[in-house]
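Student: Please work out how this folds:
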Amino acid sequence: MRNRKKILASLEATYREAFGRAEERDDSDEMVRLDLDFQRDQIQLEVLLDIRDLLMSEQTEPEREQKSLIEEGSALIEKAGALRRMTRLL
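Tutor: The predicted structure is shown next:
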């Protein structure tokens, strides 16, 4: 799985390249649009990465196997609650 820094760096590199092309054409409207799009996409991507991190378990496989079904169910409920709270912020 790709780490957060690599994903965000890839997004930034893509936008920098497009912004550079718009700058060469002296297309200020495109530069403004790209800047706003980058900010929007970066925020959305960070939220998705936060959700991914929230859902990822840091436990090892043997630890997961040792959990009872009740403990596992309550962990899923906690994750769903956290996800619900996060979506309310959007």
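Student: after the helix or strand of the chain with the lowest mean pLDDT, next one along is what?
Tutor: Ranked by mean pLDDT, DSSP states H and E, the weakest helix or strand in the chain is helix 61-66, scoring a mean of 56. The first helix or strand that comes after helix 61-66 along the chain, using DSSP states H and E, is helix 69-89.
Student: now for that following helix, which elements pack on it?
Tutor: Taking 3 or more Cβ pairs under 8 Å, 6 or more residues apart in numbering; DSSP states H and E as the contact definition, the neighbouring helices and strands of helix 69-89 are helix 28-55. Backbone N, C-alpha and C define where each C-beta goes, glycine included.
Student: Okay, angle between the helix it packs on and helix 69-89 too, please.
Tutor: Helix 28-55 and helix 69-89 are oriented at 160 degrees to each other (axes from the mean of the first three to the mean of the last three Cα atoms, to 10 degrees).
Student: Give me the buried positions along helix 28-55.
Tutor: Within helix 28-55, the residues that count as buried by 16 or more other Cβ atoms under 10 Å are 31, 34, 38.
Student: counting contacts, what elements does it pack onto?
Tutor: Judged by 3+ Cβ pairs under 8 Å, 6+ apart, helix 28-55 is in contact with helix 4-24, helix 69-89.
Student: Highest mean neighbour count out of those?
Tutor: Looking across those with neighbours counted as mean count of other Cβ atoms under 10 Å, the highest average goes to helix 4-24: a mean of 13.
Student: starting at the chain centroid, how far to that one?
Tutor: Here helix 4-24 is found 16 Å from its chain centre; the criterion is Cα atoms, centre = their mean, to the nearest Å.
Student: what do you get for stretch 78-90?
Tutor: Here stretch 78-90 is found 14 Å from its chain centre; the criterion is Cα atoms, centre = their mean.
Student: One more: stretch 13-33?
Tutor: Relative to its chain's centre, stretch 13-33 lies at 24 Å (Cα atoms, centre = their mean).
Student: Dump the C-alpha coordinates for it into CSV.
Tutor: Taking only C-alpha atoms (Å, rounded to 0.1, in the frame of the first residue of the first chain), the coordinates of stretch 13-33 have been written out as CSV:
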residue,chain,number,x,y,z
ALA,A,13,3.6,16.7,-9.1
THR,A,14,0.7,16.2,-11.4
TYR,A,15,-0.8,19.7,-10.6
ARG,A,16,2.6,21.4,-10.8
GLU,A,17,3.1,20.0,-14.3
ALA,A,18,-0.3,21.2,-15.5
PHE,A,19,0.3,24.6,-13.8
GLY,A,20,3.6,24.9,-15.5
ARG,A,21,2.0,24.4,-18.9
ALA,A,22,-0.7,26.9,-18.2
GLU,A,23,2.0,29.4,-17.0
GLU,A,24,4.0,28.9,-20.2
ARG,A,25,0.8,29.8,-22.2
ASP,A,26,0.2,32.8,-19.8
ASP,A,27,-3.3,31.3,-19.2
SER,A,28,-4.1,33.0,-15.8
ASP,A,29,-7.7,31.6,-15.8
GLU,A,30,-6.4,28.0,-16.1
MET,A,31,-3.8,28.7,-13.4
VAL,A,32,-6.5,29.9,-11.0
ARG,A,33,-8.7,26.9,-11.8
